[in-house]
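Trainee: Prediction below, plus the sequence it came from.
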Amino acid sequence: MLTNWAGNVVFSAERLVAPRSISELRDVVAGARQAHVLGTGHSFSRIADTTGTLISVADLPEVVEIGTGVVRVSAGMRLGELADRLHRSGLALHNLPSLPHISLAGACATATHGSGDTSGSLASAVRSVDLVTADGTMITVARGDEDFGGVVAALGALGVVTTMQVDVVPAFDVEQRVYLDLPWSVLVDRFDEVFASAYSVSVFTDWRGSIRAWVKRRTDQAPASLAWTGAREATTPEHPVPGLSGEICTRQLGVPGPWHERLPHFRSDFTPSVGDELQSEYLVPRAHAGEALRALGEVAARIAPVVQTAEIRTVAADDCWLSPAHGRDSVAFHFTWTPDLNPVLAAVATVEGTLAPWSPRAHPGKVSSLPQSGEVRWSNFAALRARLDPTGKFGNPAIDALLATG
C-alpha cells in the first residue's frame, strides 16, 4: 500500500516505476494508459493520484549544471540537497519554503513558497522546463514562450518534468530570531510593518491566543527587531507547534548562518513537522490582510479545536497560471490541522466562508472544498492541456474537478 507523506491518501495506482534513463521514462510514459508523476508525496489532496502508473524521477541521472545566474538541475532533487550544492558554489535560491525535504519539481508544480514581501513562489524563479508529454515526446518550454506560465506550475497535469533551469543569486547569510506573545492588535493593525521588518517573516498562531513571529534577516541588510511591538525575544529554540522541541528546527537566537540553514523552518537532517496531520492553505490579496485577519479572529473559537498551528506569510505575485499568487501580491493563511478529517472539514468550511469576501485561492495540494477562482487562467491551461495531453493521460478526478470549476 502506497500512501502520501501524511498517510491520509492511499494511492490508486496499479504500479510505481522509477525509470533510470530519459529513454526508459519516455517509453514508460508513452505506454501508460494513465500516469502521474510522484514527488516526495507531500500533498494532502489527491492531486498526484492516478489509476495507472505512478512515476518517480528520483532514479534518473543527476543533473547539476551551474551557469551565470542560473542552474540546470534534476527535477527530482530535494531542495535541501540542491541548496547544499548551490551554497558550495557561492550561490543561493531567492527563498525557500519551510521544508527542505521536498523535491524541486514538486514544489514548483504547486507554486510552493516561502515568506517575504518581495519573494515569489519557487516557480517564479524557473527559467525553463524539460517535459516528457503524453506520447513520450520531450519538449523544452522557456521563459518568454507563450505557454510558459502554464507549464511551470502545472500540478503534474501536462507530463513529467525531468530537468529545470532556475534563477540563482549570490549566497547570503541570515540570522533568525523568534518573538513570543506578539499582540493581536499589532499584528492586525500594523501588519505591513511586521512583515516588512525583515527579509522573511512568518507568524504562527494556534488561534487560542499564542502568536509568535519567526524573523529571518539577511545579515547584509538593516537590523530587524519586533521589540517595538511588545513581543519578547525567545531565549531557547522554538518549534512552530507549541510544546514541541525546537531542536529539529533551523538555528535561531540570532546566530548568523548560511541562507539554506535559516530560511526553512526545519532542518533537512530531521523529520519535519509533527507527523499525523492535515493541511490547508488559502491566499488572499495582500491589501486585505488586516481585514481577513480580523474576520478569522472572529471565528477562531470554531477552528482552534482542530488546529495544531497556523502560519501567516506574504508572497509576491507571479505569472504562473495556476499559482494561487497569480497576478496579485498575497497573504497566505496556512493551517496544520489534527488528522481528524470530519472536524477538519467543518473547520475548512468555516475558513473558506470567512475568507470568501476576498476571493481566496486554495493551495491545490492541500485539503479544500473551494472552487478555483476564475481570475486564475484555468481556461488557458485547459487549452494547453488539450494540446499536450489530449486524452487526459495525466489527469485524475482532483485535476479534472479543478478544471471544471475554473
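Mentor: Cool, got the structure.
Trainee: in the stretch 301-406 of the chain, which spans are helices?
Mentor: Remark: helices assigned in the stretch 301-406 of the chain by DSSP state H, counting those that start in this stretch are 341-355, 378-388, 397-405.
Trainee: Can you lay out the ones you listed as JSON lines showing mean pLDDT?
Mentor: Output for the helices of the stretch 301-406 of the chain, formatted as JSON lines (pLDDT from 0 to 100):
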{"stretch": "helix 341-355", "mean pLDDT": "96"}
{"stretch": "helix 378-388", "mean pLDDT": "90"}
{"stretch": "helix 397-405", "mean pLDDT": "78"}
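Trainee: between the ones you listed, which one is nearest to residue 34?
Mentor: Proximity to residue 34 (C-beta to C-beta) singles out helix 397-405 among the helices of the stretch 301-406 of the chain, at 11.4 Å. Every C-beta, even on glycine, is put in place using the N, C-alpha and C of the backbone.
Trainee: what angle sits between the closest one and helix 378-388?
Mentor: Angle of helix 397-405 versus helix 378-388, following axes from the mean of the first three to the mean of the last three C-alpha atoms, to 10 degrees, is 120 degrees.
Trainee: and the end-to-end length of stretch 142-153?
Mentor: Length of stretch 142-153, first residue to last, C-alpha to C-alpha, to the nearest Å: 13 Å.
Trainee: Tell me the buried residues in that stretch?
Mentor: For stretch 142-153, the neighbour count (16 or more other C-beta atoms under 10 Å) marks 147, 148, 149, 150, 151, 152, 153 as buried.
Trainee: thought the second one was touching residue 142?
Mentor: It refers to residue 148. Yes. Applying C-beta atoms under 8 Å as the test, residue 148 and residue 142 come out as touching, 6.5 Å apart.
Trainee: where do the contact lists of the two overlap?
Mentor: Common contacts of residue 148 and residue 142, defined by C-beta atoms under 8 Å, 6 or more residues apart in numbering, comprise residue 129.
Trainee: Nearest to residue 129 among the buried residues of stretch 142-153?
Mentor: Among these, residue 151 lies closest to residue 129 (C-beta to C-beta), at 5.3 Å.
Trainee: doesn't residue 158 make contact with that closest one?
Mentor: Yes. Using C-beta under 8 Å, residue 151 is in contact with residue 158, at 6.2 Å.
Trainee: Would you mind listing the residues touching both of those two?
Mentor: When C-beta under 8 Å, 6+ apart defines a contact, the residues bordering residue 151 and residue 158 alike are 131, 384.
Trainee: and stretch 170-185, what's its mean pLDDT?
Mentor: Taken as a whole, stretch 170-185 has an average pLDDT of 97.
Trainee: that's a strand at residue 139, yeah?
Mentor: Yes. Counting by DSSP: H, G, I helix; E, B strand; the rest coil, residue 139 is part of a strand.
Trainee: Would you mind confirming that it makes contact with residue 131?
Mentor: Yes. Judged on C-beta under 8 Å, residue 139 makes contact with residue 131 at a distance of 5.5 Å.
Trainee: Counting neighbours, go ahead and name the busier of these two.
Mentor: Neighbours were counted for residue 139 and for residue 131 using other C-beta atoms under 10 Å; residue 131 has more, 22 against 14.
Trainee: quick one: what helix or strand has the more buried one in it?
Mentor: Assigning secondary structure by DSSP states H and E places residue 131 in strand 126-132.
Trainee: Measure how that strand sits relative to helix 378-388, angle-wise.
Mentor: Relative orientation of strand 126-132 and helix 378-388, computed by the same axes, to 10 degrees: 40 degrees.
Trainee: Please list the outside residues in contact with strand 126-132.
Mentor: For strand 126-132, contacts defined as C-beta under 8 Å, 6+ apart pick out 22, 25-26, 29, 70, 72, 75, 108, 138-143, 148, 151-152, 158-167.
Trainee: All the helices of this protein, residue numbers only.
Mentor: Using DSSP state H, the helices found in the chain span residues 22-31, 79-88, 104-109, 148-151, 184-189, 191-195, 289-298, 300-303, 341-355, 378-388, 397-405.
Trainee: Show me the contact partners of the second one.
Mentor: Here helix 79-88 makes contact (C-beta under 8 Å, 6+ apart) with 64, 66, 71, 73, 92-93, 96-97, 99-104, 107, 168, 171, 258-260, 264, 268.
Trainee: again with the third one
Mentor: Contacting residues not belonging to helix 104-109 are listed as 37, 39-40, 42, 57, 73-79, 82, 97, 112, 121-123, 126, 152-156, 161, 164, 166 [C-beta under 8 Å, 6+ apart].
Trainee: re earlier: restricted to buried residues, select the contacts of helix 79-88 in PyMOL.
Mentor: Per 16+ other C-beta under 10 Å, the buried members of these correspond to this PyMOL selection:
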select buried, resi 71+73+92+93+96+97+99+100+101+102+103+104+107+168+171+258+259+260+264+268
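Trainee: Domain-wise, how is this structure divided?
Mentor: Domain segmentation of the chain under automatic domain parsing yields 15-56, 64-170, 173-362.
Trainee: Would you reformat those domains as a markdown table and include distance to residue 2?
Mentor: Shown next, in a markdown table, are those (distance: least, C-beta to C-beta, whole Å):
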| stretch | distance to residue 2 |
| --- | --- |
| domain 15-56 | 6 |
| domain 64-170 | 16 |
| domain 173-362 | 18 |
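Trainee: And those: which comes nearest residue 385?
Mentor: Per C-beta to C-beta, nearest to residue 385 of those: domain 64-170, 6.0 Å.
Trainee: Tell me how far the closest one lies from the chain's centre.
Mentor: 12 Å (C-alpha atoms, centre = their mean, to the nearest Å).
Trainee: do the same with stretch 18-28
Mentor: In terms of C-alpha atoms, centre = their mean, the centre of stretch 18-28 is found 27 Å from the chain centre.
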